[in-house]
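>>> here is a sequence together with a model predicted from it:
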Amino acid sequence: MEKYILTLDQGTTSSRAIVFDQESNIISLAQKEFTQVYPEAGFVEHDPNEIWESQLAVAREALSSKGLTPENIHGIGITNQRETTVVWDRNTGEPIYNAIVWQCRRTSDYCDSLIESGLSDLIRSKTGLVIDPYFSGTKLRWILENVEGAREKAEKGELLFGTIDTWLIWKLTSGLIHVTDYSNASRTMMFNIHELKWDEEILEILNIPRSMLPEVKPSSYVYGETDPSLFGAPIKIAGVAGDQQAALFGQTCFKSGEVKSTYGTGLFMLQNTGDAPVESKNGLITTIAWGIPEKYSETDSKDWKPDGMNDSGTEDKPERKLSNLFGLIKPRKTSREEKIKVTYAIEGSVFICGAVIQWLRDELGLLEKSSDSEEMARSVDDTNGVYIVPAFVGLGAPHWDPHTKGTMFGLTRGANKNHIVRAALESMAYQCHDLLEAMSSDFGKYPEALMVDGGASANDFLMQFQSDILGVEVVRPASVETTSLGAAYLAGLATGYWRDLADIDDNWKEGARFVPHMDKENKAKRLAGWRDAVSRTLGWDK
């Protein structure tokens, strides 16, 4: 029986499920969008139950469409929109409020008060993060303070908190497992990334009961099994990482100094800094990339083959079920001591990237589908002086200004929709440039190349302009599904589907390479216009 890895990719606008084989080929893919909720200006929410139902539906579809059964799945990997906050009742399993999405700015004033209280250095020194509504901690506090009865129930130990990975695992195991991984925990503004534990001092500042928080485990780890009723038989849940850390892993950026940029709803650039956290002096954040058993960096033997499989990739013999009384399973035993290796990263987070094209499509009607943007941008020589600063939910790194609003500058009678679409695409590249400049200053070295992925990375115009503005080669892999691949790799390592990092690295294949050719004068002029536009936008509604 052929074996595969199933990835659950729970994003900001859709839930997806992808089945991968051992060569990282996509066997099956299913996707379902879900509702975006905007209760008032600056507020962004999701229905946690709709997220769960959509994720379960696409997982079942990905299996059934190819006639796959649980016996075909070696393990499940989960990757998720980060920072999005869910609180639910421990006893009923029902959310007490909608999920507050990472984009939501409702806690801006509270974050301002924390900064004014002089807590910025304390928070950064412990968590690696800046104080911002982006992260989970102040979202969780808002729910406790604003949902009737929440504070009292939390103090009694009746409420649980989780990022989306935690919520999905809770649902997949029918409430048996309350867990997260190092990468997601490091995005909450409550986790000490040096001591690898929830920070009691920060919890006291935010007034958050410790009993609400999940157990934190490595990113590659057999957490448990799915409830047999969901798929017809239990499947191991074996890998978890926040979407951007998963993309870094999926790009096989395993060496210190390697950088990737993901162009999705937002734009997120991460640089592997190895086993030591690097504190940013330029508006970036320090985060945990992943935590995996150290043995995965080694090779057991030349004759290694995946657990329970023969050399042809089919099942050698039926695997024994390791379920115990509670439906949990133990990690596979090894001859070596299980030592966890934590890898750190510095990150720049831009809140609006591909979403600006969606805005032009859905709200302004300037194009019928997002893919039209490339042809429209190529139809004009430049933007005719138009600059767009897509700060619809404030500006992230390196500015961290939650009070900024989206702006458009340089409009004249000669500006048409093609110029505006091109300006929107160029805004992505400019924001990426700002991140890489800050990152290179922190790390002390400019990268030789930028690895790219995400939906907008398929736009050749954007990728060429990106290379021109950065002055470095931009490399796109053959498969841009690196986020899902990263989660698959983490799960496959834990279950023995892949041997080690070297085994995974052999799977990476180049798809396209873009080489810079813009002259320095032109580049400098364009960047000067961008910086001027940003400076005029900062603090717009403060």
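Right, received. Where do you want to start?
>>> quick one: what helix or strand has the residue in the chain sticking out farthest from the centre in it?
Distance from the C-alpha centroid of the chain peaks at Arg413, with 40.2 Å (CA atoms, centre = their mean). Element membership for Arg413 (DSSP states H and E) is empty, with no helix or strand holding it.
>>> give me the longest strand you can find in this protein.
What stands out as the longest strand in the chain, according to DSSP state E, is strand 340-350.
>>> list the buried residues of that one.
Taking 16 or more other CB atoms under 10 Å as the neighbour-count basis, strand 340-350 is seen to contain the buried residues 340, 342-350. C-beta coordinates here come from the backbone N, C-alpha and C atoms, glycine included.
>>> what does stretch 403-413 give?
Of the residues in stretch 403-413, those buried under the neighbour-count criterion (16+ other CB under 10 Å) are 403-406, 408-410.
>>> now do that stretch: everything it contacts.
Contacting residues not belonging to stretch 403-413 are listed as 108, 352, 383-392, 394-395, 420, 423, 529, 532-533, 536-542 [CB atoms under 8 Å, 6 or more residues apart in numbering].
>>> which of those residues fall in helices?
For those, membership in helices holds for 108, 420, 423, 529, 532-533, 536-537, with DSSP state H as the criterion.
>>> ok, and the most crowded of those?
Using other CB atoms under 10 Å as the neighbour definition, those reach their maximum at Ala423, which records 29 neighbours.
>>> contacting residues around Gly455?
Going by CB under 8 Å, 6+ apart, the list of residues near Gly455 reads 263-264, 354, 370, 480.
>>> the strand or helix carrying Val19 pairs with which strands?
If you go by DSSP H and E, Val19 is part of strand 14-20. Using DSSP bridges, the neighbouring strands of strand 14-20 in the sheet come out as strand 4-10 (antiparallel), strand 26-33 (antiparallel).
>>> for Asp227, which of those is the nearest?
strand 4-10 (14.5 Å; CB to CB).
>>> what's next to that closest one, contact-wise?
When contacts are defined by CB under 8 Å, 6+ apart, strand 4-10 is touched by residues 15-21, 27, 51, 55, 59, 62-63, 68, 72-81, 164-165, 168, 235, 243, 483-485, 487-488, 491-492, 495, 497.
>>> mind checking which of those residues are in helices?
Using DSSP H, these in helices are 51, 55, 59, 62-63, 164-165, 168, 243, 483-485, 487-488, 491-492, 495.
>>> give me the neighbour count for Asp382.
Asp382 sits with 13 neighbouring residues when counted by other CB under 10 Å.
>>> now it. Nearest residue, chain neighbours left out?
Computed as CB to CB, 6 or more residues apart in numbering, the closest residue to Asp382 that is not its neighbour in sequence is Arg422, at 7.3 Å.
>>> and the helices in the stretch 201-350 of the chain?
Taking DSSP state H, counting those that start in this stretch as the test, the helices found in the stretch 201-350 of the chain are 228-231, 243-250.
>>> any chance of the ones you listed in TSV, plus distance to Glu258 and mean pLDDT?
Output for the helices of the stretch 201-350 of the chain, formatted as TSV (distance: least, CB to CB, whole Å; pLDDT from 0 to 100):
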stretch	distance to Glu258	mean pLDDT
helix 228-231	36	96
helix 243-250	8	94
